[in-house]
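Q: Give the three-dimensional model of this entry:
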Amino acid sequence: MLRNKILNTIKKYALLQRGDKVLIGVSGGPDSMCLLDALYHLREELQIELIVAHVNHGIRKEADEETLYVQNYCKQKQIDCFIKKVDAVKLANLEKLGLEEMGRKIRYDYFAEVAKKEQANKIATAHNANDNSETVLMNFLRGSSITGLKGIEFKRTLGKIDLIRPLRECSRQQIEEYCIKEQLDPKIDLSNFENDYTRNKIRNQLIPYLQKEFNPNIMEGLNRMSQLAKEEEEYFTQIISKEYENLKIGENEQEIILDLKRFNDLPKVIKAKLLFYTIGQLLGTSSGIEKIHIEDIIKLCQNNIGNKYLTPKKNIKILVEKGKIFFINLK
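A: The predicted structure follows:
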C-alpha cells in the first residue's frame, strides 16, 4: 500500500517527528493530492498537524477550478488552507525571469511566508521518483557535477525550515493508482504534456525514447545513480567541512573569511567543493552558482592580481585581499 511506502520513507530519512506542524504545498494535481491525502490519513499515527498552501499563478483558465478543488478538499477534512493568487506572467516580465523560474520562486516564497506566520516547522512538496529521474537526466545533459546527479533531496533546509519530499520513492504510476483508488479526482495540468520546457521534453520525449530503444528500466537506473551520487556527496561533505574549519579565519552573518594560501594548496576538486560549501554556509544555499563561477573564483585566488573581486550572484561578493578570501553577503 502506498501509504506504507510513504511512511517507510518518512521513517528512513527522519523526515517527520512527533509534534511537527507541516505545511503541504498543494497544486490540486495527482502528486500533491496524493501527498495531502496520505499525510491526512497518517497524521494521527505520526502525531503531526497539517496546513495547506496553494498558489494560483493566473496562467491557465483551469487555475481557478484547481484552487476551488483544493479549498473544498481542505474544508471537508477541516484543514486550514492558505491561497495566493498572482499574475506570474507579469511578475516574470518585471523581474526578467523565465516563467517556470518565476513560478517556482513565487511558490517557495509563499510557502516560507505562510510557514513562518503559522509556525510550521516543515514544508512538504510532492516530488516523486519520476521527478527525480528527470532531474538527474536534465542535470547530466547540462554537464552537472556529482552534486547535480544526486537529484532531488529527500530533505533540505529552506531558511530555518526543513523542506521534505515524502513521495520521493513513489513512482508516478503508483501515485495515479492511489488517486483512482481513493477517488480523489485530481486536476490535470495539460501544460505538462506540452514540450515548451526542457523538463517536459525530457519527460515526454527523451525518457520514452530511451525506454524503447535502450533500457526499459531507465528510470530505476537513474534513481540508483542518484542514490550513489548522494552517498559520494555525503562522504565528500565530511571532508569539506573539516577543510572549511581548517581554512576559516573569521565568520559572521555578513561574511566568511578563508586563508588564501591554504586554499591555493588544495587539490582543485576540493577547492571547487569548498567554494560551494562556503557560499552555502553564508547564504543558506549555493543555488545559482554555476561551474563557470567556481572556475573564475579559483583563478582569482590563484592569480591574485588585477581584478580582486567577483560577484557571481547579486547577493554575494568574493574578494581576495592581503592573503585572505572574503565571502561577503550583500543582502
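Q: Can you list the helices and strands that the longest helix anywhere in the chain packs against?
A: Using DSSP state H to define each element, the chain has its longest helix at helix 218-247. If you count contacts as 3 or more C-beta pairs under 8 Å, 6 or more residues apart in numbering; DSSP states H and E, helix 218-247 packs onto helix 129-141, helix 146-149, helix 207-213, strand 255-259, helix 260-264, helix 268-283. C-beta coordinates here come from the backbone N, C-alpha and C atoms, glycine included.
Q: and of the ones you listed, who's closest to Ser226?
A: Nearest to Ser226 among the helices and strands packed on helix 218-247 is helix 129-141 (5.0 Å), distances taken as C-beta to C-beta.
Q: buried residues in the closest one?
A: For helix 129-141, the neighbour count (16 or more other C-beta atoms under 10 Å) marks Ala129, Asn130, Asp131, Asn132, Ser133, Glu134, Thr135, Val136, Leu137, Met138, Asn139 as buried.
Q: does the first one really touch Ser171, like I thought?
A: By that I understand Ala129. Yes - with contact defined as C-beta atoms under 8 Å, Ala129 and Ser171 form a contacting pair (5.0 Å).
Q: Give me the distance between the residue most central in space within the chain and Thr135.
A: Among the residues of the chain, the one closest to the centroid is Ile152, at 6.1 Å (C-alpha atoms, centre = their mean). Ile152 sits 5 Å away from Thr135, going by C-beta to C-beta, to the nearest Å.
Q: again with Lys314
A: For Lys314, the distance to Thr135 - C-beta to C-beta - is 25 Å.
Q: Show me the contact partners of stretch 222-233.
A: Residues outside stretch 222-233 that contact it (C-beta atoms under 8 Å, 6 or more residues apart in numbering): Ala129, Asn132, Ser133, Val136, Leu137, Ile146, Thr147, Leu149, Lys150, Gly151, Glu153.
Q: Show me what the longest strand anywhere in the chain is in contact with.
A: Counting residues, the longest strand in the chain under DSSP state E turns out to be strand 49-56. With contacts defined as C-beta under 8 Å, 6+ apart, strand 49-56 is touched by 20-28, 36, 39-40, 43, 63-64, 66-67, 70-71, 74, 79-86, 103, 106-107, 110-111, 114-115, 118, 120.
Q: Can you select the buried ones among those for me in ChimeraX?
A: To isolate the buried members of those in ChimeraX, using 16+ other C-beta under 10 Å:
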select :20,22,23,24,25,26,27,28,36,39,40,43,63,66,67,70,74,79,81,82,83,84,86,103,106,107,110,111,114,115,120
